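# give me coordinates for this.
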Amino acid sequence: MSTAPAPVRAELFGPERRATTIGVVLLISLVAFEAMGVGTAMPALVADLGALELYGWPFVAFLAASVLGTVLGGRWCDERGPRLPLVGGPLLFGVGLVVAGTATAMPQLLAGRVLQGFGAGSLSVGVFVLIAAVYPQRLRPAVFGLISSAWVLPSLLGPPVSGLVTETFSWHWVFLGLVPLVLVAAALVVPAVRRTGRPESVPQARPHTVAAALGAALGVSALSWAAQNPGAVAAVTALAAVVVLVPSMRVLLPRGVFRAARGVPTVVAARGLLAGAFFGLNAYLPLALTDTHGWSLTAAGLPLLVGSLGWSAAAAWQARRPELPRPVLLRAGLALLATGVAGMLLVTPAWGVAWLAFPFWIAAGVGMGLGFSSVSYLVLSQSPEGTVGFHTSAAQMADQLMVAVTVGAGGALLALLVTPAAALPVLAAALACLAVLGVVLAPRSAGTG
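Numbering: from 1, shown residues only. Presented below is the predicted three-dimensional model:
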């Protein structure tokens, strides 16, 4: 599928930027594949290691380290440039793959997942800072279209490929098989990284960043654990997580996010609303189709597939239209997402019409393709030098936090209301309200200029 008209494609893949473009897309694809594919191998992995009671911890370890890497990587980029995150990040990610892939016990696997998470978080921020340095604004919609595809395609291919590798060879190769590709991707971006330097302007000092990053990592991880283990203990854990997260977010997010101040604060808030509404329901849609409507697991995954294709197609469409105002596209994306999520009120109840999941989740996917690419563009275009890393890490933090909250809320509703047919319509209604709030706030993403 083409993602940009010929002149833009020639600039993205011409001699000057070809290696950088391929390297950036490959790095993001590898992180996405590992994030999406490892879940398929996890049952075989924990059975082999004899640690079924620790099933959720490899996911929690990766998430906690990713949050920490995102924050600290953003701080480093603003103070000293993206060289270390874009060289050290892939190196840590690759070492983590080797450590996890050779694990013979759960402690070693968890150590590998921590290294992977920290490397993935820091390199993801570094990639956006590199884009700001290497690609002019007219090319950025196309770059973000490619990055969207770099996330969407692994979400489609990651689970089946991971399952095939696990069944044919071993779960070890789900990790080890990616190591050569990490080295290739890192080598491709190194020439561009060498041309970057320290920011000319010194960023404003942000005290307590490290402590806040640790608090955010613990808080988001605790919320994720609570979502996987609903019950009284989980409720107490989630409450403690919120107590830790609130002061951490005040340090790690731009001032004005919670009141949707114009410009970057609203853009960061929009990223959280997009991710929370989409992934919060995406996590439970297969459950609604299997438990409430009796679909097979394979059939229940098909709406997720078409939603991913809608995301990829919309990201490609916006890439061809750099002249369109991104606040307008962001609002359109949130409106489509609100339509798709609200449409699940006609699917998730016992009386619902199951096949309507297809058109509504296509709409939600298209909304994400427009909205996520627009958020990425607006973050870079409204970030002065020395703030790109901070704003990028803030947007990713808003994403991770809101997904943890909305997925956790779904688990709490299931524990309280017992059946998916009772719980998921409530979740869909709440998440649709989040998306509608985004529609209302989106014009404020244009900033004050």
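
# how about the most far-flung residue of the chain relative to its centre, secondary structure?
Checked against the mean C-alpha position of the chain, the extreme residue using Cα atoms, centre = their mean is Trp351, at a distance of 33.0 Å. Put simply, Trp351 is coil when judged by DSSP: H, G, I helix; E, B strand; the rest coil.

# looking at it now. What's its pLDDT?
We have a pLDDT of 96 for Trp351.

# next: the one 5 residues further on.
Per-residue confidence (pLDDT) for Leu356: 97.

# so what's the residue count around Val246?
For Val246, the neighbour count with other Cβ atoms under 10 Å is 11. (C-beta placed from N, C-alpha, C; glycine too.)

# so it: helix, strand or coil?
Val246 ends up helix, using three-state DSSP.

# skipping adjacent residues, who's closest to Ala338 in space?
Ala435 (3.6 Å; Cβ to Cβ, 6 or more residues apart in numbering).

# wait, doesn't the one you found sit right on Ala277?
Yes. Using Cβ atoms under 8 Å, Ala435 and Ala277 qualify as a contacting pair, with a distance of 4.4 Å.

# overlap in contacts, the two.
Common neighbours of Ala435 and Ala277, counting by Cβ atoms under 8 Å, 6 or more residues apart in numbering, are 337-338, 341.

# would you map the strands across the stretch 301-449 of the chain?
In the stretch 301-449 of the chain, no segments count as strands under DSSP state E, counting those that start in this stretch.

# so what's the closest residue to Arg326 other than its chain neighbours up against?
Nearest residue to Arg326, sequence neighbours excluded (Cβ to Cβ, 6+ apart): Ser374, at 4.2 Å. Ser374 is in contact with 318, 326-327, 329-330, 333, counting by Cβ under 8 Å, 6+ apart.

# kindly reformat those as JSON lines containing distance to Gly39, pLDDT and neighbour count.
JSON lines is the format used below for the contacts of Ser374 (distance: Cβ to Cβ, whole Å; pLDDT from 0 to 100; neighbours: other Cβ atoms under 10 Å):
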{"residue": "Gln318", "distance to Gly39": "29", "pLDDT": "91", "neighbour count": "27"}
{"residue": "Arg326", "distance to Gly39": "33", "pLDDT": "94", "neighbour count": "27"}
{"residue": "Pro327", "distance to Gly39": "35", "pLDDT": "95", "neighbour count": "19"}
{"residue": "Leu329", "distance to Gly39": "31", "pLDDT": "96", "neighbour count": "24"}
{"residue": "Leu330", "distance to Gly39": "30", "pLDDT": "97", "neighbour count": "31"}
{"residue": "Gly333", "distance to Gly39": "27", "pLDDT": "97", "neighbour count": "30"}
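
# would JSON lines of those residues with distance to Ala446 be doable?
Below are the contacts of Ser374 laid out as JSON lines (distance: Cβ to Cβ, whole Å):
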{"residue": "Gln318", "distance to Ala446": "17"}
{"residue": "Arg326", "distance to Ala446": "8"}
{"residue": "Pro327", "distance to Ala446": "4"}
{"residue": "Leu329", "distance to Ala446": "12"}
{"residue": "Leu330", "distance to Ala446": "9"}
{"residue": "Gly333", "distance to Ala446": "15"}
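
# about what we covered before: more neighbours, Ala435 and Ala277?
Set Ala435 next to Ala277 and count neighbours by other Cβ under 10 Å: Ala277 wins out with 32 against 27.

# from Ala428, how far off is the more buried one?
10 Å (Cβ to Cβ, to the nearest Å).

# please enumerate the shared neighbours of those two.
By Cβ under 8 Å, 6+ apart, the residues touching both Ala277 and Ala428 are Val341.

# show me where pLDDT drops low in the protein?
For the chain, applying pLDDT under 70 flags the ranges 1-6, 51-53, 197, 199-205, 228, 230, 448-449.

# C-terminal to the longest helix anywhere in it, what's the next element?
Counting residues, the longest helix found in the chain (DSSP state H) is helix 18-49. Per DSSP states H and E, the first helix or strand lying C-terminal to helix 18-49 is helix 57-80.

# following that next one, which helix or strand comes up?
Next element after helix 57-80 (DSSP H and E): helix 83-101.

# how many residues are close by the closest residue to Ala105 other than its chain neighbours?
Counting by Cβ to Cβ, 6+ apart, Ala105 lies nearest to Leu49, which is 6.2 Å off, once chain neighbours are set aside. Neighbourhood size, Leu49 [other Cβ under 10 Å]: 18.

# just Ala10 next, same as before
Ala10 has 11 nearby residues by other Cβ under 10 Å.

# can you classify it as helix, strand or coil?
helix.

# gap between it and Arg18?
Separation of Ala10 from Arg18 (Cβ to Cβ) stands at 10 Å.

# cool, Arg444 as well?
Taking Cβ to Cβ, one finds Arg444 at 38 Å from Arg18.

# these two: who's more crowded?
Neighbour count, other Cβ under 10 Å: between Arg444 and Arg18, Arg444 has more, with 19 against 13.

# could you measure from the residue lying closest to that one once chain neighbours are set aside over to Gly256?
In space, and not counting its chain neighbours, Arg444 is closest to Thr266: 4.2 Å by Cβ to Cβ, 6+ apart. According to Cβ to Cβ, Thr266 and Gly256 sit 8 Å apart.

# quick one, which of those two is more surrounded?
Thr266 (28 against 16).

# count of residues packed around the residue nearest to Leu337 when sequence neighbours are not counted?
Spatial nearest neighbour of Leu337, chain neighbours left out: Gly367 (3.4 Å); criterion: Cβ to Cβ, 6+ apart. When neighbours are defined as other Cβ under 10 Å, Gly367 has 30 of them.
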